[in-house]
Structures are given as structure tokens and as C-alpha cells.
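> Following is a predicted model, sequence given first.
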Amino acid sequence: MRFSRTSKALGVAAIVALAMTGCGGGSGSNNSSSAAVDPNKVITAYSNEPQNPLLPANTNEVYGGRVVELLFEGLRAYDPNGKPVNALAESIDTTDSQNWTIKVKSGAKFTNGEPITAKTFVDSWNFAALSTNLQNNGFFFESIEGYADVSAVNETTGADGKKTSTPAPKAQTMSGLAAKDDQTITVKLAQPEADWSLRLGYSAFFPLPSEAIKDPKKFGENPVGNGPYKFAKDGAWVHDQSISLVKNPDYNGPRAAKNGGVTFKFYTDPGPAYTDLQGDNLDVTDVIPSNALKTYTTDFPDRNSTKPVATNSTLNIPPYNPNFQGEAGKLRRQALSYAINREEIAKVVFNGTRTPSKAFVPPVIEGFKDGLAGSEVLKFDPAKAKDLWAQAEKIKPYDGSKPLQIASNTDGGNKEWIEAVANGFKNNLGIQAEIQPFAKFAEVLNLRKSQSLPGLTRAGWQGDYPSLYNFLGPVWATGASSNYEKYTNPEFDKLLKEGLAAKTTDEANDKFNKAQEVLFQDLPGLPLWDQARAIVWSNNVVKAETGWNGGILYYNIEAK
């Protein structure tokens, strides 16, 4: 989706229309008028241990992200339908899509009393982009002129032949970013990008108080923000147990809290969480056990909601795995994809809360195109799978001395579908496969980041902002923040860049869809399914809902 300088979103109609199809279990979805609402009651919510200290620019996984998004507020926010609205931005203007002027609202402060000015944003963005600060989301600043100088790395090859990358910035700040006065930020991009300002609601662009930049590690344990919530106290993050937030009484933005706070309780298995919900010992969850997907609407008849969202799942194939390298590896990637019965798994395992993927981007995103060249590999075709595998065997025999492992966290209800996929590989390709289980999602991410996986890995993406590019660039572009498997293809990168520089939404989406065709040629990951996010809530909650990307709108939850 592209974005104009007049702060009106283009093409959100598809998201809005699909959001309106969300179904609630009955009056519980809209019964806020029939029950007394307690604006000071703290709700409890399902979650898991965040991967990293809670710094916005270093948090790119869902469990840390849901906390960071409540603690901080940026220049923009996104309403439930994905439309950007100004938050700390008074105005965002451009005449050429390359040079931008942002006016920051005066009077905003962090909860420690420190004022938020134009300089706050400039310092925060430079901190995030500088490679020596090792922030996962630094890639989101790639469009700003001078980013290449602050993000430079030095690659060396050791005696063992392994390549090591170390930060080697040529500058400490981005040349295209400046604070002209307390309320004015000027941004010069490396090239015109009409939708650049659409990204400014994403957490990477949140402001940081000065203490965060001085001591990031310490700050990340007890962050101080400016959002609708704040830490209940120092040490509110009890590792491997919970994080407790309370309402920020000084917040004055578009996401005002309707409850007294949110306590995120960490679970390593969705089963006990579901039981806690049934006993009103947990208030809301967005992870439903696979064995409850057929019963959650009757288990919570007036307390459930399901709707299509901008979230998808893939099965990623690390390029460093010898079995999937070269021409034989390419054939095997295709064979694996043809061997997965997505339709059956979506129906039987997920009870219709997933739909088989047709591309690398979910259909709720404006510009989605069905029938892309190469996407036929997403069809279930056992005969084709066997034939491709046999072709690969003639080139290079498969090393099946150990079962093919599929790494996954066990807290997200993934065990059942992985077992179904593994059975498909066994029945259709004659290879053994099994889940490589981890109690924490962070553990899987750390192995992916260190290039240490013995087999494949489940992966997924929840939209940061409603754009085709957001499901492609951060995940698959060379050097991107969430490109853990380090996929690279110059043609793919070139098409992304051309799409960003396009003058119209249609032209941009055409380039992004062509970029997806490159992904279908290489298959660095296998698209699996797109989500219809299901949530349930306890008797303590009057109303709960998800936003455009599937994230629960915690601030909007009404308790009783």
C-alpha cells in the first residue's frame, strides 16, 4: 500500500472490508452496554518471554513487540483497520516524496518527565540505525540518506573458512536526518518513496529517552516510555513468568487505555492457558490449542472473535543446509512444497482458522495478486513431489542419516501441524521428519540468528504496517533485520528498490509482485497459510478485539 503526504491511507478498503467480516460468538462481542465497566481493573493476557531487552528498535518478535507497543507512542499509530493516524506528529509533509518535514507536537513527555522533541526522534533513529548498537530493526531506516554509512559492516574470513561480520560504520549519524528546532524534523531519503511516512507508526521509529541511549541494556529491563501504559514498578518484568503494566495517567493519544493495566503471563504451552481462561484465571489469549480449535466457539459462546488478518506462516529452509543447496537442493525445496497438503491441514488441524497460502503475502493486503508465476508449487501434488525428489537424487543423494528436524516453539500450538507436515514428507517423499521443540520462541530465533539450525524452521510474519513491501523487504531482502536465514538475490533486491521508488501504488505493487516471483523461483521459505486470528476471553472481560494485523488491542479491552 502506498501513502500520500496528506495523511490519508490509500487502499485500506480491502483490510476494512475483511475486518468487518470478523465473527463474534454472540452478544459477548458487543455487550459493553449490558455490563458495568471497571476502567481501573487490570487484565491478564497470554504471552511468552521476550527474546531481548525491551528496546523498540531491538524488538522484532511478537511477544516483546506486544509489550513495546503499549509502552511507547510514535509519530503515528494505526487504527484497528490499519489506517495510520497522527500521534506525536502534528503534520508530515513532502512535495517530492524524497524530502520530508515532520512537525512534532509540543508538550509530550516520557513518564520520567523528560520532554519529547524533534531531537529525541533524531537521536533515537540514529541510535537504532548505527550498526555498533546492534539493534535488530536498524534495517527499517534504510531509506534515509546516509544509512549506508552508519550501518556499514566489515566481513572477514577466519582460518576455518567461516565469514564473520562486524560493525564498521563510516559515520555516527545519518546525513539525511536533522532536527531544525524543538518541533521540526527534516528527512531526506536516498530516493523518492511515496509511502515512507506510512512506516512511522512501527515500533522501530518510537522515541527513546536519553537514559536508553546511555545504557541500553539496563534500560531494556525497566523501560520508560510515553505510551498508554508504563511498567507497574521497577522489576515488573519477572523473567520467564510475567510482565506487569499499568495505565499511564498522563497519556493523551489515540490509544487511550480502557482498563487499569495489562499483566502478560508467560506460558510455554497453550493448553494450561486455555484451562486458566475457562476458570477465569486468565482474561484473554490469541493462541488456542489445536485440540480446542473445533470447540472454542462453544467453550466461549459469547466470548470469542475470529477475523482474517495480515499474518502468515512459512516453513523456512536455511541455505547452509547441504541437502538443499545447488540444483538438487532447488528441486528438493519444490518437492517439499508439493508434499504439503495445506488444504487438509487448514481444515483438519486448524478447523478453518487458516487458509492455504497463495503467495508470500496474505490476501488482506492491498495489491495482493493470486496466480503469480511459480505459485503452482503451493498446490498439493504427491506425484510431482516424488518426481522432483527423484530428479534431485540423481544429481546428489539426500543425506537422511538423521530425521529432518523442523524447529518450533511449543507454546504456539505448532506441534500438531508440524506432525502433519512431517507425515506428508514421510508418505510422499520417503524421508523421516520430526519437530525440534523449544519452550521459548526466543530460543528458536536465537538459533536462526546464529545460523545453527540442523534442519528447517517454522516462521511467520505479522504486518508492521499495511504494505506488500512489509511482508517482503524486512523478511527476505539482503541484510534485512528479520532475514535470519540470510537469503540473498540481487534481482529480488532490485525489484524491491524499484517498487519503493514507484510513483503510484499500482506500479509499486507490480514490482513487489514480480519480486515474489523471484522468491517462488528460489523458495527460501515455503508459504504455508494465512491466518484468521481467533481470540477468546474470560467472564472478567466485556469486550476484546484484534486489529488489522491480528494483534489484540489490549488498550481497548473493557473489564468488569
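Perfect, thanks for sending it.
> Show me what counts as buried in the helix ranked longest in the chain.
Taking DSSP state H as the criterion, the chain has its longest helix at helix 505-522. For helix 505-522, a neighbour-count test (16 or more other C-beta atoms under 10 Å) marks 505, 508-520, 522 as buried. Glycine gets a C-beta too; all of them are placed from N, C-alpha and C.
> That one: what's the following helix or strand?
Using DSSP states H and E, the next helix or strand after helix 505-522 towards the C-terminus is strand 525-537.
> Run the chain-centre distance for whichever helix or strand comes after that next one.
Sequence-wise, the next helix or strand downstream of strand 525-537 (DSSP H and E) is strand 541-543. Centre-to-centre, strand 541-543 and its host chain are 26 Å apart (C-alpha atoms, centre = their mean, to the nearest Å).
> What of stretch 268-276?
23 Å.
> how close does Pro169 sit to Gly138?
Distance from Pro169 to Gly138, counting by C-beta to C-beta, to the nearest Å: 11 Å.
> Actually, Asp302.
Separation of Asp302 from Gly138 (C-beta to C-beta) stands at 45 Å.
> Of these two, which one has the most company?
Gly138 (24 against 15; other C-beta atoms under 10 Å).
> Tell me the spacing between the residue of the chain positioned farthest from its centre and Asp387.
Largest separation from the mean C-alpha position in the chain: Lys394, at 39.3 Å (C-alpha atoms, centre = their mean). From Lys394 across to Asp387, the span is 11 Å (C-beta to C-beta).
> picking that back up, the residue farthest from the centre of the chain belongs to a helix, doesn't it?
Yes - if the criterion is DSSP: H, G, I helix; E, B strand; the rest coil, then Lys394 is within a helix.
> pLDDT value on it, please?
The score at Lys394 is 98. That number is its pLDDT.
> how far away is the residue positioned nearest the centre of the chain from Leu75?
The centre of the chain sits closest to Gln462, judged by C-alpha atoms, centre = their mean, with a distance of 3.5 Å. From Gln462 across to Leu75, the span is 21 Å (C-beta to C-beta).
> CA-only coordinates of stretch 469-485, as PDB, when you get a sec.
Presented in PDB, the C-alpha positions along stretch 469-485 are these (Å, rounded to 0.1, in the frame of the first residue of the first chain):
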ATOM      1  CA  TYR A 469       6.700  -4.400   0.900                       C
ATOM      2  CA  ASN A 470       6.500  -5.000   4.700                       C
ATOM      3  CA  PHE A 471       6.000  -8.700   4.100                       C
ATOM      4  CA  LEU A 472       8.900  -8.900   1.600                       C
ATOM      5  CA  GLY A 473      11.700  -6.400   2.500                       C
ATOM      6  CA  PRO A 474      12.300  -6.900   6.200                       C
ATOM      7  CA  VAL A 475      12.000 -10.700   5.800                       C
ATOM      8  CA  TRP A 476      13.800 -11.500   2.500                       C
ATOM      9  CA  ALA A 477      15.900  -8.600   1.400                       C
ATOM     10  CA  THR A 478      19.700  -8.900   1.600                       C
ATOM     11  CA  GLY A 479      20.800  -7.900   5.100                       C
ATOM     12  CA  ALA A 480      17.300  -7.300   6.300                       C
ATOM     13  CA  SER A 481      16.500  -7.300  10.100                       C
ATOM     14  CA  SER A 482      14.400 -10.500  10.100                       C
ATOM     15  CA  ASN A 483      16.200 -12.300   7.300                       C
ATOM     16  CA  TYR A 484      17.700 -14.700   9.800                       C
ATOM     17  CA  GLU A 485      18.500 -17.400   7.100                       C
END
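> Can you point out the buried residues in that stretch?
Under 16+ other C-beta under 10 Å, the buried positions of stretch 469-485 are 469-477, 480-485.
> Then stretch 143-156?
Buried-residue list, stretch 143-156, by 16+ other C-beta under 10 Å: Ser143, Ile144, Glu145, Gly146, Tyr147, Asp149, Val150, Ser151.
> How about Pro50, nearest residue that isn't a chain neighbour?
The shortest distance from Pro50 to any non-neighbouring residue, by C-beta to C-beta, 6 or more residues apart in numbering, is to Gly64 (3.2 Å).
> Check which helices and strands the helix or strand hosting that neighbour sits against.
Assigned by DSSP H and E, Gly64 belongs to helix 62-71. If you count contacts as 3 or more C-beta pairs under 8 Å, 6 or more residues apart in numbering; DSSP states H and E, helix 62-71 packs onto strand 42-47, strand 229-231, strand 242-247, strand 261-266, helix 441-449.
> And those: which comes nearest Thr285?
strand 42-47 (3.7 Å; C-beta to C-beta).
> Report the inter-axis angle for that closest one versus strand 242-247.
Per axes from the mean of the first three to the mean of the last three C-alpha atoms, to 10 degrees, the angle that strand 42-47 makes with strand 242-247 is 140 degrees.
> Give me the distance from the longest helix of the chain to the chain's centre.
Distance, stretch centre to chain centre, for helix 505-522: 20 Å (C-alpha atoms, centre = their mean).
> ditto for stretch 389-399
Using C-alpha atoms, centre = their mean, the offset of stretch 389-399 from its chain centre is 35 Å.
> what's that stretch in contact with?
Pro322, Asn323, Gly326, Glu327, Ala328, Gly329, Leu331, Arg332, Ala335, Leu429, Gly430, Ile431 (C-beta atoms under 8 Å, 6 or more residues apart in numbering).
> just stretch 496-512 next, same as before
In contact with stretch 496-512 (C-beta under 8 Å, 6+ apart) are residues 1-2, 10-11, 143, 191-195, 361, 366-367, 369, 468-469, 472-473, 477, 495, 515.
> Go again with 6 Å.
For stretch 496-512, contacts defined as C-beta atoms under 6 Å, 6 or more residues apart in numbering pick out Arg2, Leu10, Gln191, Pro192, Glu193, Gly367, Leu468, Tyr469, Gly473, Ala477, Leu495, Ala515.
> Closest one of those to Leu528?
Leu468 (18.4 Å).
> Give me the distance between the closest one and Pro228.
To Pro228, Leu468 is 29 Å away according to C-beta to C-beta.
> Now Thr488: closest residue in space, sequence neighbours ignored.
With C-beta to C-beta, 6+ apart as the criterion, Thr488 has its nearest non-adjacent residue at 4.2 Å, and that residue is Thr478.
> how about low-confidence regions in this protein?
Within the chain, the ranges that satisfy pLDDT under 70 run 1-35, 156-163, 412.
> buried stuff in the strand or helix carrying Ile435?
Assigned by DSSP H and E, Ile435 belongs to strand 433-438. Buried residues in strand 433-438, counted by 16+ other C-beta under 10 Å: Ala433, Glu434, Ile435, Gln436, Pro437, Phe438.
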